[in-house]
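*Asks:* here you go, sequence then predicted model.
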Amino acid sequence: MNRPFPMLVSVLCWMACAAVSTAVGAEQTPPATPPWSGFLTGISSNPVNPEQLPLTWTPETVTWKASLQGDGQSSPVIWENSAYVTSVDGPNKETYYVSRIDLADGSIRWSKAIPSTDPVESTYLVSRAAPTPVCDATNVYVFFESGDLIALTHDGKEVWKRSLSVDYGRFDNKFGLAASPVQDESSLYILIDHAGPSYILAINKNDGSTRWRTPRESRRSWSSPFLAHIDGQPQIVCSSVGSVDGYDPASGQQLWSYEDVGGNSSATPIVFNGNQVLLGASARSSEGTSEKGERTNLLGRIVRDNDGWKFNVQWVADKARGSFSSPVCSQQRAYWINSSGVIFCLDLASGRELFSRRLSCGACWATPIPVGDRIYVFGKDGITTVLQAADEYIELAAVNRLWPSPEEAEKKPDAPSIQGEQDPNRRRAMQNAAGPIQYGAVVIPQGVVIRSGNALYCVKSVSAPQ
């Protein structure tokens, strides 16, 4: 996440989660790493049986909770029996943390402190450890909105470290950065969109050196890229306010661009079924109201002809609106969630709206996770609703609380920074970002792992081994 409070919120949302192969239809080329090894990487390759997952839970039935140092908005990533998560601490975000948590019992195996090379005031309107890490069999790679990029072994030992803001200029974005890295076997790919010189670059995973760097038009945006395989061609797909673009991971060459879009500053493009792409946008984005934002919630296809690669719109979701979470598809249906917590379900083939309903869990900053015929929808304020994938709105579980409701727990007073804010819009935005928030989740066999600002939770079905 990283934008003004609805912008910042967008930042948060970045943390969205993902879906499974059965939820998105035909599988793409299998990734080199297991599911959930990066942001949204479980979207097309997670073979979890929904019957093994919990359908209901309460604060009393949470399997384990791991308290984290500081605060953060990134999603957890999974490697074998561990989860990795990032956070930041200090009044000026002086120290970043990377923590490894044992999935069996929530114990913290290690927590690595990393000094920030660009401390800035920590407020509710600035991203806090928003980019999600990636990991492979050798290392965990973490990127922070300060520009610090670090490779650590699975034992927490530093392999290499560099600062992109030192190398290429300080980031100019008063709400911070949120875009998460994506990876292949040899490289990391990082999207830097801000008011200054913007770019996308490839980093050698062995030593942190730059393989290539491609300039982009400057724009403030917080969405993450998506690495896909389309007609045998790996592509980095970026949906970032004002355009959707495809890049060649080998060279950094821009393969295509589609510019009839707007409001797409938060949601990650979701590529599935080989070459289909779901885009999400808000008509009121961090860059201001956009008429194009009303026609940017859509399904498109990336195709190749004699003239090269192109992006073609298959249909536009006329009434659906997005927000911070990314759209997802399940059982031949596509879903968007707007900023008021209304979910829109459309037929994937035609774009015809099947239903729109206000969710019991409220507004969502995390992307829902389709698993088979279930859709786990993570409300911002700690409530998860489980839907049946169907042509009508069916709640399998309306209210699953991760922590007590405000009525059940004494509400904390506003922080001094909120109390001292004179601008009513900024004050509302800060209040909206205060308190515990569900920022992202992943599914594992027999359980769901959910991240709040200062904790990681695991909920499992009652029949699952504890």
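*Replies:* In hand now; what should we look at?

*Asks:* and residue 60, that's in a strand?
*Replies:* No: with DSSP: H, G, I helix; E, B strand; the rest coil as the criterion, residue 60 is helix rather than part of a strand.

*Asks:* how close does it sit to residue 201?
*Replies:* To residue 201, residue 60 is 47 Å away according to CB to CB, to the nearest Å. Where C-beta positions appear, they are placed from N, C-alpha and C, glycine not excepted.

*Asks:* who has more neighbours out of those two?
*Replies:* Shown here are residue 60 and residue 201; by other CB atoms under 10 Å, residue 201 has more neighbours (20 against 7).

*Asks:* does that one belong to a helix, a strand or coil?
*Replies:* For residue 201, the secondary-structure state derived from three-state DSSP is strand.

*Asks:* any idea which helix or strand carries the residue lying closest to it once chain neighbours are set aside?
*Replies:* Leaving aside its sequence neighbours, residue 201 sits nearest to residue 213 (CB to CB, 6 or more residues apart in numbering; 4.1 Å). Here residue 213 sits within strand 210-216, counting by DSSP states H and E.

*Asks:* got the CA coordinates for that strand in CSV?
*Replies:* Below are the C-alpha coordinates for strand 210-216, written out as CSV (Å, rounded to 0.1, in the frame of the first residue of the first chain):
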residue,chain,number,x,y,z
THR,A,210,21.4,-4.1,-12.4
ARG,A,211,20.9,-6.1,-15.6
TRP,A,212,18.8,-3.4,-17.4
ARG,A,213,16.8,-0.3,-16.6
THR,A,214,14.0,1.0,-18.8
PRO,A,215,12.7,4.6,-18.3
ARG,A,216,8.9,5.2,-17.9
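
*Asks:* do you know how far residue 100 is from residue 451?
*Replies:* 14 Å.

*Asks:* before we move on, what about residue 459?
*Replies:* Taking CB to CB, one finds residue 459 at 13 Å from residue 451.

*Asks:* kindly report the same for residue 59.
*Replies:* 16 Å.

*Asks:* and those two? Which one has more around it.
*Replies:* residue 451 (30 against 16).

*Asks:* what segments of this protein are helices?
*Replies:* Using DSSP state H, the helices of the chain run over 9-13, 21-24, 164-168, 416-419, 424-433.

*Asks:* mean confidence for the second one?
*Replies:* Read that as helix 21-24. What helix 21-24 shows for mean pLDDT is 37.

*Asks:* what of the fourth one?
*Replies:* Here the mean pLDDT over helix 416-419 is 58, rounded to a whole number.

*Asks:* can you name every helix or strand that the strand holding residue 213 contacts?
*Replies:* strand 198-204 (3 or more CB pairs under 8 Å, 6 or more residues apart in numbering; DSSP states H and E).

*Asks:* what packs against the strand it packs on?
*Replies:* strand 187-192, strand 210-216.

*Asks:* out of those, nearest to residue 357?
*Replies:* Among these, the nearest to residue 357 by CB to CB is strand 187-192 (33.5 Å).

*Asks:* relative to the closest one, what are the paired strands and their orientations?
*Replies:* Within its sheet, strand 187-192 is paired with strand 182-183 (antiparallel), strand 198-204 (antiparallel), according to DSSP bridges.
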